[in-house]
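J.: Okay, sequence plus prediction incoming.
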Amino acid sequence: MTFEKGGLWRNWVGNQSCISRYKAMPTEEAQLCEMVAEADRLDLPVRVAGSGHSFTPVVGTSGLRLSLQEMRGVLKVEGEHVTVAAGTRIGDVGRALKDLGLSLSNQGDIDTQAIAGAFTTGTHGTGITLGCLASQIAGLRLVQPDGSVLDVEGSDPDLLLAARVSLGTLGVISAITLKTVPAYNLHEHVWRDDFETCMERHDELAANHRHFGFFWCPVPESRHLYCLADTSDAPRSTTRKTSDVCEMKVMDITEAEPMEAPFEKIAYSSEVYPIEYVPNFVELEYAVPLQHGKEAVRAVRELMLTKHTNCIYPIEYRFTAGDDAWMSPFHRQDSITLSVSGGPGIDYWDFLRDVDAILRRYDSRPHWGKMHFLDEEDVTHLYPHANDFRALRRRLDPAGRFLNDHVRMLLG
């Protein structure tokens, strides 16, 4: 087997890049197995690029860079368990499930990521009773260094809990089996509140709606950076201010017929979750224990209004229920997620470090695909099963075939 020369790879926003010796794009699992085995024979590290939506150096490799973009689609349906190829985009999963009369129980607000990369880096939506996307994984197929396939399913609970959020370090995922739910429609409302009104209603909105989240915008230009609508005239809005305001959103399951109006929409679940982003930002996001959410967002808001006044991207604030996955940001911890961003052409590092310093007070954990400042010691402190995960990873991949410098520091 001869691999193509790899050349330069960049992620979607251009803040991460690598030059790989080789690249390859399998079209089926058998071919993927051959490629991984050949890389092992040649003593090459192997990483999978996915759709490149991670802001961290999780993909970069000097060895073999794989793309699974030709491995897409639904492979098997057994009741509400649906197996999809690892390169399938989340939006395509949603469209396929709609035709099957099924839905994902939750999604994030971007649906163009490859499902394997998105789910296994801790990607999430919002909903105080809903886990991260990886909570929906009922099984995986992992290609091992020798090209064999390891089926991960409920018969080995620890292996499944390790594999759900694994950053590609336990093998190359060829397929994922999802536990879906019967299809449902969502009724979405958006509006604007000032910050203090949002804080006053924080607990009520989280408890009374399936999904609640908001963007805090320090200045009028902020909402444009994330392509957010002007909600000043929305019926539910309590303010016409344009600075220091929260762009609010709730979504609930409904039996009503689909419709769309200003500031309101009813549609099939996967047609409501995503919004459109321009790739003009570099994002940091941490999961903060739920009880500290309001205190944490107040502290970051104050930082942005006083010390870092040139950092005007919105704070995004969402809710996620705890789960049991060993390396999940939400491991046994109901959380809010707080994200901030830096813009191209701005030296945003001091800002991100200051936000990191605030969120560390609460033992917050990062989304693995977004900027963070954790090292090996931090991971061991924050994740009770970190050493169990590392031991399992070494057993499955003793040569570190699926590592790069970044993930080796964290999980090697």
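T.: Arrived safely.

J.: C-alpha only now, for contacts and for neighbours.
T.: Will do.

J.: distance between the helix or strand where Leu392 lies and the chain's centre?
T.: For Leu392, the host element (DSSP states H and E) is helix 386-396. Centre-to-centre, helix 386-396 and its host chain are 23 Å apart (CA atoms, centre = their mean, to the nearest Å).

J.: One more: stretch 165-180?
T.: Computed by CA atoms, centre = their mean, the chain-centroid distance of stretch 165-180 equals 14 Å.

J.: What's the end-to-end length of it?
T.: From its first residue to its last, stretch 165-180 covers 18 Å (CA to CA, to the nearest Å).

J.: what residues does the helix or strand just after the helix holding Leu392 touch?
T.: Per DSSP H and E, helix 386-396 leads on to helix 405-411 as the next helix or strand towards the C-terminus. The contact list for helix 405-411 (CA atoms under 8 Å, 6 or more residues apart in numbering) reads 57-58, 167, 169, 374-376, 379, 386, 389-390.

J.: So which residues of this structure form helices?
T.: Taking DSSP state H, the helices of the chain run over residues 29-41, 90-100, 115-119, 157-163, 195-208, 222-225, 269-272, 293-306, 349-360, 376-382, 386-396, 405-411.

J.: in the last one, what's buried?
T.: For helix 405-411, a neighbour-count test (16 or more other CA atoms under 10 Å) marks 406-407, 410-411 as buried.

J.: can you tell me which of the helices of the chain comes nearest to Asp334?
T.: In terms of CA to CA, the element of those nearest to Asp334 is helix 293-306, at 10.5 Å.

J.: Show me what that closest one packs onto, helices and strands only.
T.: Packing contacts for helix 293-306, counted by 3 or more CA pairs under 8 Å, 6 or more residues apart in numbering; DSSP states H and E, involve strand 335-342, helix 349-360.

J.: Specify the angle between that helix and helix 349-360 in degrees.
T.: If you take axes from the mean of the first three to the mean of the last three CA atoms, to 10 degrees, helix 293-306 sits at 160 degrees to helix 349-360.

J.: what pLDDT, on average, does helix 293-306 get?
T.: Throughout helix 293-306, pLDDT has a mean value of 98.

J.: which outside residues touch that helix?
T.: For helix 293-306, the external contacting residues (CA under 8 Å, 6+ apart) are 199, 218, 288, 310-312, 335-336, 338, 355, 358-359.

J.: and with 7 Å instead?
T.: Outside helix 293-306, the residues within contact range by CA atoms under 7 Å, 6 or more residues apart in numbering are 311, 336, 355, 359.

J.: how far does it sit from the chain's center?
T.: With CA atoms, centre = their mean as the basis, helix 293-306 stands 23 Å off its chain's centre.

J.: Point out the most buried one among the helices of the chain.
T.: Of these, the one with the most neighbours on average (mean count of other CA atoms under 10 Å) is helix 115-119, at a mean of 27.

J.: For that one, name the packing helices and strands.
T.: Under the contact definition 3 or more CA pairs under 7 Å, 6 or more residues apart in numbering; DSSP states H and E, helix 115-119 sits against no other helix or strand.

J.: Give me the mean pLDDT for it.
T.: Averaged across helix 115-119, pLDDT comes to 97.

J.: returning to that earlier point: which two in the contacts of helix 293-306 are spaced the farthest apart?
T.: Pairwise distances across the contacts of helix 293-306 (CA to CA) peak at 21.4 Å, for the pair Cys311 and Ile336.

J.: neighbour count winner among the two?
T.: Ile336 (28 against 22; other CA atoms under 10 Å).

J.: Local confidence estimate at the closest residue to the more buried one other than its chain neighbours?
T.: Among residues not flanking Ile336 along the chain, Phe319 sits closest, at 4.3 Å (CA to CA, 6 or more residues apart in numbering). As predicted, Phe319 sits at a pLDDT of 98.
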